[in-house]
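> Curious how this folds, go ahead:
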Amino acid sequence: MERIPLVLDMDTGIDDAVALTYALLNERAQVLAVGSVHGNVEAELAAENSLRVLELLGREDVPVAVGAGQPVAQPLATARFIHGDDGLGNTALPPPRRKPSSEHAVDQLIRLAHERPGEITLVATGPLTNLGLALLKDPELPALLRRVVIMGGAVGCAGNITATAEANIWHDPEAADLVFRAGWPLTMVGLDVTMTVLMGPAQRQRLSRLSARQPVAGWLDRMLDFYVRAYESVLGEPVCPVHDPLAVAAALDEGVIQCQEWPVRVELRGEWTRGMTVADRRGLAAGGEALASLSAPLTRVAVRADTARFFDGFFAALSGGGEDREGSHA
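This next block holds a predicted model:
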């Protein structure tokens, strides 16, 4: 089986921590490094939280670098009301034994891309400040990465931080627009699909069953209590979306999502639309060329997700392959 080298760029709150756990336990993933960024929590705490997860899973070989602490052109905002005071659902994991590396997350990404050209898939599950800064610092970067998968944006649905904007894009629209214009092989896993893949009571029961032989499943379940309560007030039922784990899944198994290719830009100036991801969904011109009104390359935009396939893969990874189908708990 081919292992896919991953660099993860995360604002490690609850769903990032679930995504990191999933990546570390997935036999297809080779996690090379983690970078932190502002977003759910401050970049420094995001790095500490990534270190906590790595220590919990005995993966202290994976370096963690602190990245951008604020957006390019607007004030810092965080989301502790969704993720808890510690960013991990107030589960009170002990402080990590390790410190982050001395390298900045932007420099870590650029270095690894040059060391392993054409090999690395970058998965970004937070605001895109590190990616934007990396593009400005090294214009060669788009040619060096195998793929870029971002969790962010909304094309055919409402935003989740404003009426039109998804949170990760809204936190740094200028950096996000650089990312969509960079010309690398880019997949956008946005609210159009992440809000359709919901962790509910049935999946929580699977986590609870797994905790007997995989202790991290019990911690995930406790952490998700906080996340589900936050979303229940919005969605009206005890469920939560799996935003960031779905992006990791899409990086490891392309069959989890179905995509359309459209040019995408980020609205930077609209009074009510700043941070909105605007896709030209008109298709192709008569000659077969993509319409270029947005002056942007094509992005693979996820429009559908296979919920059963995602959860089967997620629980198979958590159980080491012993539970790989809905309802199976041998």
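> contacts and neighbour counts: CA atoms only from here.
OK.
> and the longest strand for this protein?
In the chain, ranked by residue count with DSSP state E as the criterion, the top strand is strand 257-266.
> in a strand, that's where R282 is, yeah?
No: secondary structure of R282 (DSSP: H, G, I helix; E, B strand; the rest coil): coil, not part of a strand.
> what sits against R229?
For R229, the contact set (CA atoms under 8 Å, 6 or more residues apart in numbering) comprises P238.
> Check the gap between it and G200 for me.
Computed as CA to CA, to the nearest Å, the R229 to G200 distance reads 11 Å.
> again, but for V148
29 Å.
> swap in Q108?
Q108 is 37 Å from G200, by CA to CA.
> do T121 as well
For T121 relative to G200 (CA to CA), the value is 29 Å.
> mind checking the SS state of the closest residue to D16 other than its chain neighbours?
For D16, ignoring the flanking residues on the chain, the nearest one in space by CA to CA, 6 or more residues apart in numbering is D244 at 5.6 Å. Judged by three-state DSSP, the three-state class of D244 is helix.
> Wait, D244 touches M151, no?
Yes: with contact defined as CA atoms under 8 Å, D244 reaches M151; the gap is 6.1 Å.
> Mutual contacts of the two, please.
With CA under 8 Å, 6+ apart, D244 and M151 have common neighbours T125.
> out of Q108 and G200, which sits in the more crowded spot?
Q108 (22 against 14; other CA atoms under 10 Å).
> Name the surrounding residues that touch stretch 103-110.
Stretch 103-110 has contacts (CA under 8 Å, 6+ apart) with 7, 34-36, 64-68, 130-131, 133-134, 138, 141.
> Looking at these, which is nearest R282?
Proximity of the contacts of stretch 103-110 to R282 (CA to CA) peaks at L131, which lies at 28.1 Å.
> Name the nearest residue to that closest one, sequence neighbours excluded.
Nearest one to L131, counting by CA to CA, 6+ apart, is V179 at 6.7 Å.
> And R28, by the same measure?
R3 (4.6 Å).
> Flag every buried residue along the longest helix belonging to the chain.
The longest helix of the chain (DSSP state H) is helix 215-235. Applying a neighbour-count criterion of 16 or more other CA atoms under 10 Å, one finds 216-231 buried in helix 215-235.
> Same check on stretch 73-89?
80, 82-84, 86-89.
> where along the chain do the helices fall?
Under DSSP H, the chain gives helices at 14-25, 43-56, 80-83, 105-115, 129-137, 141-144, 167-170, 173-180, 191-194, 201-210, 215-235, 243-252, 307-318.
> Deepest in the core, which of these is it.
With neighbours defined by mean count of other CA atoms under 10 Å, none of the helices of the chain is more surrounded on average than helix 167-170, at a mean of 28.
> got a list of contacts for that one?
Residues beyond helix 167-170 that count as contacts (CA under 8 Å, 6+ apart) turn out to be 39, 125-128, 151-153, 159-161, 176, 266, 274-277.
> The same query, at a cut-off of 7 Å, please.
126-127, 152-153, 160-161, 176, 275 (CA atoms under 7 Å, 6 or more residues apart in numbering).
> Show me how to select, in ChimeraX, the buried members of these.
Buried subset of those, written as a ChimeraX selection, criterion 16+ other CA under 10 Å:
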select :126,127,152,153,160,176,275
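> Since that was my last question, I'll sign off now.
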